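Engineer: sequence? don't have it. structure:
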């Protein structure tokens with residue numbers, strides 16, 4: 001369930017980025033350069049602006065959902081509390097050769113080879 005919501009969240013993020021980049025720039029960044037005259041009203045929302053709001057609402061909803069799901073999966077202990085515990089180890093997979101059988105023999109087991117006299 002959490003993976004499905006995460007995939008939807010990522011798709012919404014990409015769609016939101018794409019829709020924002022496709023919108024036409026209206027200039028006057030941060031509301032600067034405009035007069036306070038009668039033309040200071042906002043034009044009606046375009047389809048792209050409505051789509052941006054839809055994707056933003058979905059993104060926020062999936063963010064909150066993922067946060068709630070993550071909070072329900074915790075065990076109530078902080079990371080600091082878990083520092084002294086040994087890390088859980090996974091059992092060795094069966095069917096694989098032992099690592100010691102793949103290493104070369106130690107030097108004490110090596111045959112003695114007389115030095116060459118040149």
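Structural biologist: Structure received. As the structure is a computational prediction, the values presented were derived from the model and not from experiment.

Engineer: kindly list the longest helix within this protein.
Structural biologist: helix 47-72 (DSSP state H).

Engineer: buried stuff in that one?
Structural biologist: 51-52, 55, 58-59, 62, 65 (16 or more other C-beta atoms under 10 Å). From N, CA and C alone the C-beta is placed, and that goes for glycine too.

Engineer: likewise for stretch 1-9?
Structural biologist: So, applying 16+ other C-beta under 10 Å, buried residues of stretch 1-9: 8-9.

Engineer: looking only at pLDDT, what's the mean for it?
Structural biologist: Averaging pLDDT along stretch 1-9 yields 93.

Engineer: can you list contacts of that stretch?
Structural biologist: With contacts defined as C-beta atoms under 8 Å, 6 or more residues apart in numbering, stretch 1-9 is touched by 58-59, 62-63, 65-66, 69-70.

Engineer: I'd like to know which elements the longest helix of the chain is packed against.
Structural biologist: Contact analysis of helix 47-72 by 3 or more C-beta pairs under 8 Å, 6 or more residues apart in numbering; DSSP states H and E lists helix 2-22 as its packing neighbours.

Engineer: between helix 47-72 and the helix it packs on, find me the angle.
Structural biologist: 150 degrees (axes from the mean of the first three to the mean of the last three C-alpha atoms, to 10 degrees).

Engineer: and residue 18, how far from residue 59?
Structural biologist: 13 Å (C-beta to C-beta, to the nearest Å).

Engineer: same question but for residue 15, I mixed them up
Structural biologist: The spacing between residue 15 and residue 59, counted by C-beta to C-beta, is 9 Å.
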